[in-house]
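**Q** Return atomic coordinates for the entry below.
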Amino acid sequence: MSIVAEAPGYIQVFSDGSVKRFEPEIAIASIEPSNGYMSKDVVIDSSKPIFGRMYLPESSVHQHFPVLVYFHGGGFCIGSTTWLGYHVFLGDLSVSSKSIILSVDYRLAPENRLPIAYEDCYSALEWLIKNIEFEPWLKRADLSQLFLSGDSAGGNIAHQVAIQAIASEGFRGRLKGLLPIHPYFGSEKRTELEMDNGSAGGVEMNDMFWRLSLPQGSNRD
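**A** Numbering: from 1, shown residues only. Here you go, the predicted model:
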């Protein structure tokens, strides 16, 4: 069995189709307030599975908060809302923006190639609507003020999910904005910077993640 694709320190894909991911330090959710926010894990769809982590800012009054749905980056192949960096960033963002945040753990490629990540993340929006009366924290949510955000591949996902949400009757008028963070898009032709000799390593890594995430039989597969 040999390695057929690798991002050192992050992921290895083997010739038999198995995948090894190297996870960084993770954070445990806690409903005990810390640094101005609380957090807890939720099940969005146990059959797939899709999970999420919610962040709620502390407040001395019973106020309603806008909702930001966040999609992590990682070339569609790595990443998790449980990673310490994401946990701290999103907890702090919840406090500074005074918003409820739902961070989504969508299924990863290459085991689950696109468009599965898009479908999973759109399911997270549907979960919000369906659980507004059942999830205690969502009773403090103002779903007429809904925002989507994400970094890298997550920025790409936010864009795709927004297109679908805008066309849906259930989200019409709810989606107020996108906050993409260096969104991860690819082109069919190389840019001048990508063709520069000094960019070879980064371009090869970029190609690898696209090859692992796009549907089999696509141009980059």
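**Q** So for the residue nearest the centre of the chain, what's the pLDDT?
**A** Residue closest to the mean C-alpha point of the chain, counted by Cα atoms, centre = their mean, is F71 at 1.9 Å. At F71, the model reports a pLDDT of 98.
**Q** Which residues lie in contact with it in this structure?
**A** F71 sits next to 103-104, 106, 121, 148-150, 153-155, 157-158, 161 when contact means Cβ atoms under 8 Å, 6 or more residues apart in numbering. For the C-beta atoms, the positions are set from N, CA and C on the backbone; glycine is no exception.
**Q** Give me the subset of those lying in strands.
**A** Using DSSP state E, S103, V104, L148, S149, G150 are the members of the contacts of F71 that sit in strands.
**Q** by contact count, what packs against the least confident helix or strand in the chain by mean pLDDT?
**A** Every helix and strand in the chain was compared by mean pLDDT, DSSP states H and E; the lowest is helix 192-195, with a mean of 78. Where contact means 3 or more Cβ pairs under 8 Å, 6 or more residues apart in numbering; DSSP states H and E, helix 192-195 is not packed against any helix or strand.
**Q** Pull the CA coordinates from that helix and hand them back as CSV.
**A** Extracted in CSV, the C-alpha atoms of helix 192-195 (Å, rounded to 0.1, in the frame of the first residue of the first chain):
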residue,chain,number,x,y,z
GLU,A,192,0.6,34.4,-14.3
LEU,A,193,1.4,34.1,-10.6
GLU,A,194,0.6,30.4,-10.7
MET,A,195,2.9,29.9,-13.7
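**Q** now that helix, how far from the centre of its chain.
**A** 28 Å (Cα atoms, centre = their mean, to the nearest Å).
**Q** Check stretch 133-146 too.
**A** On Cα atoms, centre = their mean, the centre of stretch 133-146 falls 20 Å from the chain's centre.
**Q** Now G177. Its backbone dihedrals?
**A** Note on G177: backbone dihedrals following degrees, to the nearest 10 are phi 180, psi 160.
**Q** Please tell me I have it right and it contacts A158.
**A** No: checked against Cβ atoms under 8 Å, the pair G177 and A158 is beyond contact range at 10.2 Å.
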